[in-house]
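Q: fold the following and give me the result.
(one chain, ligands or ions: 3)
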Amino acid sequence: MIARVIVDVPSRQTDRPFDYEVPGELAGWIEPGSRVGVPFGGRVVQGFVIAIADNADVDRSKLKPIAELLDHLPPLSPDLIELGHWISEKYCCPLTVALQAMIPSALKGKAESFVAIAQDQASDALFEPDWMMFIRQQGGEVKLASLQAKYPDAARDVKAAITLGDLTERAAIRDRLSVRKVLTVFPPADRESAELALTAIPARAAKQREVLRFMIGQEDPIQLQVLLETLSTTSSTVRALEEKGLLVIREVELDRDPYAGRAFRRTEPLPLMEGQQQVYDQIADALDAGESQVFLLHGVTGSGKTEVYLQAIEHCLNLGRQAIVLVPEISLTPQMVERFKGRFGHEVAVLHSRLSGGERYDEWRKIREKRAKVAVGARSAIFAPFERLGLIIIDEEHESSYKQEESPKYHARDVAVRRAKQHGAAVVLGSATPSLESYTAAAMTPASGNPGRGAALLPMPERVGGKPMPPVTIVDMREELRGGNRAMFSRPLYEGLKKRLERGEQSVLLLNRRGYSTFVMCRACGYTAQCPHCDIALTYHQKSRVLRCHYCGHAEGSPSACPSCESEHIRFFGTGTQRVEEELAKLFPGIRVIRMDVDTTTEKGSHEKWLTMFGERKADVLLGTQMVAKGLDFPYVTLVGVIAADTSLHLPDFRAAEKTFQLLTQVAGRAGRHQLPGEVIIQTYNPEHYAITTAQHHDYDAFVKEELGHRRQMAYPPYCRLILITLSHEQLPQVINAGDKLAALLRHSADEAGMHGAGLHGGNRFIEVLGPVASSIPRIKDRYRFQCMVKYRGNVDAVGIVREAVAAVARPQDKAGVQISVDVDPQVIL
Ligand SMILES: Nc1ncnc2c1ncn2[C@@H]1O[C@H](COP(=O)(O)OP(=O)(O)OP(=O)(O)O)[C@@H](O)[C@H]1O
Ligand SMILES: [Zn+2]
Ligand SMILES: [Zn+2]
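A: Numbers count the residues shown, from 1 in each chain. Ligands and ions are numbered 1, 2, ... in the order given. Here you go, the predicted model:
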């Protein structure tokens, strides 16, 4: 039997399967998806079996055997392997990179060396060195690392022993983490005879009696440590009972449950509102039909999308299938998790990056071992290893965080559609502000009947219970300035906050973080602190008083005088949110403010802590960045204020207006969701910009119409697709050279395909190559960066053209060569 293995050596030359012999004893265990250790280039590396074959492509006698099998259940299934091929093709990355992205990082093993005493080495206690005795004591084999640690002076002897063949060396893959096991005590199986034995225990062994009596009355096994603490006894007492055969102590696999000890109040399905019911029925029909179908659920904020998700999932589970729910990392708040745990209890596995590696691994195992039926998580939860997937929900589908920024640069939305096809599952993309890509795809297909290849649009234009959308006031900050107000709060926002304080209601304040970053500036000469390795300003961290670069991690102390003009008028601007907080305290003495930004939410569980506090009305204002804009549902929030709406409008990104509109609409949606009516105040310097005026009127359609006009004119998505190619090198001429070469190759291929050239944007099929130009951050980590952009439309294999051109320019063997990275459908263009 031959196994085709993809080795975990991500490079272009190794991006193909290698054949290995399956040793007889592993034949029954190895299957496609198995994780194995294989000899490769003189070491042992991890790999995935992607196929089993009878015959090898090469001379079979030359094949090496698989060294080891790493898990008893293969972590990947054939459908995930197929998905991996698709990702590697579509997003231009090695297959191993795509496969690695699908499994928890705990399973990214690394090789470890072991040394063993050779079979024919007889024991010679008199003359054997200590280290040899040590290996014998350990059962004949030890980790090389532990031998090195214990006998640092023996290196020469050990090496000699290996050369002579007295010791053999073996490599194996070790996982970063393993299953956590704890000693657990089991109650006596036969309680009657245990009662008898109890009477036979002598009175002086009172502790033993107490433990046994306790265990007889115990229904479930109990962790040894807990037992010892409960009865304040020692393990020798329990061991004594074990020796008498009265109790059993065994190692039991433990799940590191991040939500352990948390009681989630069970919720029942709510009777659906009419709008919800219509949407639900369509999704349920698709689930019943078991055919893959994509829906775009366009529901305004507070329209009750989550309840529709919950009931659709319930229907899916009743059909014996499983469901995945993706939510943006930032809104994967306890409030959100609670809603799913509250409905489906233990059947929910939660996967997000704030869990430790071990916790994430255990949640993943719950899915793998069929103990969980619903996975709620961020982007990578799309790979949850379910076998019969029925439903995939992507909440806030417009969020750019669904696109992974490092390789594999996949978009979870596109992967979801592909996975759903494999399983005959339904996909529900939900948003109050759908991305233009999804919306145009859905708008072209009718909501009922056969939706063909696109998505079916499911509108929910009204809030639950007919509650009105909150009125939005736009404040022109230029007018405020002309009127003599130079503060960061306009008069209407100041009045609004004051009123809320008087009434004991709550406010949410959003600071659009981008552009408001923290920096150091000299007031005398205008000097700003720059990273010496990247062409970008350093960020000031007030807590630690250091200047840090967000791209390369460079850190330095903050200067007390200007390095450029030696003036002492150098100012450190704290984070925008810190400044707002200070201002609030000045204006409203005694005001209780919760500030949520990167600085206050790094600690584990801090999100939860702040939101719980706010929910308990222990604060008047929740102030924060993007993270306060999404998903929150608090009944006493009656005012939402946006401090500066336009900081994101002028970014060099064709999606700037779309992102601004989405953010404003989302945050406005936090107000007046329950009994109390809400109000929204947006401060801006661009009051007539359509992204702001349409957000004011909650008018998604008007925004889309205007924005699509611009996109069509400039030939940007959704009117075409993009591939961004970034080249980098430490030497500027090298990057420029490689960039020119790459662009020339791309243009040549495009011409050959007969489709190159400007002015073709009107056609149904075109491909255009832009650049090379310097990236908008021209240098990161001492590497200069240039980029080319490929725009294309229609039935063109642009990815194929790019792949070939990149392969021709890049020399992967040459580590010092120009690095080229390809981003298909980029979300961030920097
Ligand atoms: N059928 C229903 N009957 C009564 N209340 C409901 C119903 N459906 C939802 N709700 C309530 O309405 C409120 C808003 O619902 P939900 O949070 O699901 O809206 P949403 O569309 O997800 O909003 P957003 O996009 O703003 O997060 C919640 O408090 C929810 O409990
Ligand atoms: Zn830097
Ligand atoms: Zn200066």
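Q: could you use CA atoms for every contact and neighbour count after this?
A: Will do.
Q: pull the longest helix from the chain.
A: helix 732-752 (DSSP state H).
Q: what packs against that helix?
A: strand 721-729, strand 766-780, strand 783-793, helix 798-809 (3 or more C-alpha pairs under 8 Å, 6 or more residues apart in numbering; DSSP states H and E).
Q: run the chain-centre distance for it.
A: 34 Å (C-alpha atoms, centre = their mean, to the nearest Å).
Q: so for ligand 1, which of the helices and strands packed on helix 732-752 sits nearest?
A: strand 721-729 (27.9 Å; C-alpha to the nearest ligand atom).
Q: what helices and strands are in contact with the closest one?
A: helix 732-752, strand 783-793, strand 819-824.
Q: now render these as TSV, adding distance to ligand 3, mean pLDDT and mean neighbour count.
A: Shown next, in TSV, are those (distance: least, C-alpha to the ion, whole Å; pLDDT from 0 to 100; neighbours: other C-alpha atoms under 10 Å):
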stretch	distance to ligand 3	mean pLDDT	mean neighbour count
helix 732-752	29	93	19
strand 783-793	27	93	24
strand 819-824	37	94	22
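Q: quick one: closest of these to ligand 2.
A: strand 783-793 (10.2 Å; C-alpha to the ion).
Q: can you tell me what sits against the closest one?
A: 533-534, 719-732, 735-736, 739, 743, 764-775, 777-779, 798 (C-alpha atoms under 8 Å, 6 or more residues apart in numbering).
Q: show me which of these are buried.
A: 533-534, 719-730, 735-736, 739, 743, 766-769, 771-775, 778-779, 798 (16 or more other C-alpha atoms under 10 Å).
Q: shaky segments in the stretch 401-550 of the chain?
A: Applying pLDDT under 70 to the stretch 401-550 of the chain flags the ranges 444-453, 513-519, 542-543.
Q: residue of it nearest ligand 3, please.
A: residue 525 (4.1 Å).
Q: that residue: which element?
A: Secondary structure from DSSP states H and E places residue 525 outside every helix and strand.
Q: near ligand 2, which residues of the chain? Just list them.
A: Counting by C-alpha under 5 Å from the ion, the residues of the chain close to ligand 2 are 531, 533, 534, 549, 552.
Q: so who does the closest residue to the fourth one other than its chain neighbours touch?
A: The one in question is residue 549. Leaving aside its chain neighbours, residue 549 sits nearest to residue 538 (4.9 Å; criterion: C-alpha to C-alpha, 6 or more residues apart in numbering). Going by C-alpha under 8 Å, 6+ apart, residue 538 touches 519, 520, 529, 530, 531, 547, 548, 549, 550.
Q: wait, isn't the last one in contact with residue 540?
A: No: with contacts counted by C-alpha atoms under 8 Å, residue 550 stays clear of residue 540, the gap being 10.3 Å.
Q: looking at the two, which has the bigger crowd around it?
A: Taking other C-alpha atoms under 10 Å, residue 550 and residue 540 do not tie; residue 540 has more neighbours (25 against 14).
Q: and that one, which of the three is it?
A: strand (DSSP: H, G, I helix; E, B strand; the rest coil).
Q: again with residue 171
A: strand.
Q: find me the pLDDT at it, would you?
A: On pLDDT, residue 171 comes in at 70.
Q: with the one 4 residues further on instead?
A: In the predicted model, residue 175 carries a pLDDT score of 64.
Q: and the one 4 residues further on, by the same measure?
A: We note a pLDDT of 62 for residue 179 in this prediction.
Q: next one: residue 570
A: Reported pLDDT for residue 570: 78.
Q: strands of the stretch 401-550 of the chain, residue ranges please.
A: 426-431, 456-460, 472-476, 506-510, 520-522, 539-541, 546-548 (DSSP state E, counting those that start in this stretch).
Q: can I get the ones you listed in TSV with distance to residue 686?
A: Shown next, in TSV, are these (distance: least, C-alpha to C-alpha, whole Å):
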stretch	distance to residue 686
strand 426-431	26
strand 456-460	30
strand 472-476	7
strand 506-510	17
strand 520-522	26
strand 539-541	27
strand 546-548	32
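Q: so which of these is nearest residue 570?
A: strand 520-522 (4.1 Å; C-alpha to C-alpha).
Q: quick one: residue 17 and ligand 3, what's the gap?
A: In this view, residue 17 and ligand 3 are 59 Å apart by C-alpha to the ion, to the nearest Å.
Q: quick check: buried residues in the helix or strand hosting residue 584?
A: In the assignment (DSSP H and E), residue 584 maps to helix 576-587. Judged by neighbour count (16+ other C-alpha under 10 Å), helix 576-587 contains these buried residues: 576, 577, 578, 580, 581, 584.
Q: just want the angle from it to strand 506-510.
A: 140 degrees (axes from the mean of the first three to the mean of the last three C-alpha atoms, to 10 degrees).
Q: for the next helix or strand after helix 576-587, the averaged confidence score.
A: Downstream of helix 576-587, the next assigned helix or strand under DSSP H and E is strand 593-596. The average pLDDT within strand 593-596 is 92.
Q: which SSE is immediately downstream of strand 593-596?
A: helix 606-615.
Q: CA atoms of that following helix as PDB?
A: Provided in PDB are the C-alpha atoms of helix 606-615 (Å, rounded to 0.1, in the frame of the first residue of the first chain):
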ATOM      1  CA  SER A 606     -11.900  41.700  29.700                       C
ATOM      2  CA  HIS A 607     -14.500  42.100  27.000                       C
ATOM      3  CA  GLU A 608     -16.900  40.100  29.000                       C
ATOM      4  CA  LYS A 609     -16.100  42.000  32.200                       C
ATOM      5  CA  TRP A 610     -16.800  45.400  30.600                       C
ATOM      6  CA  LEU A 611     -19.900  44.400  28.800                       C
ATOM      7  CA  THR A 612     -21.400  42.700  31.900                       C
ATOM      8  CA  MET A 613     -20.700  45.900  33.900                       C
ATOM      9  CA  PHE A 614     -22.300  48.000  31.300                       C
ATOM     10  CA  GLY A 615     -25.300  45.600  31.100                       C
END
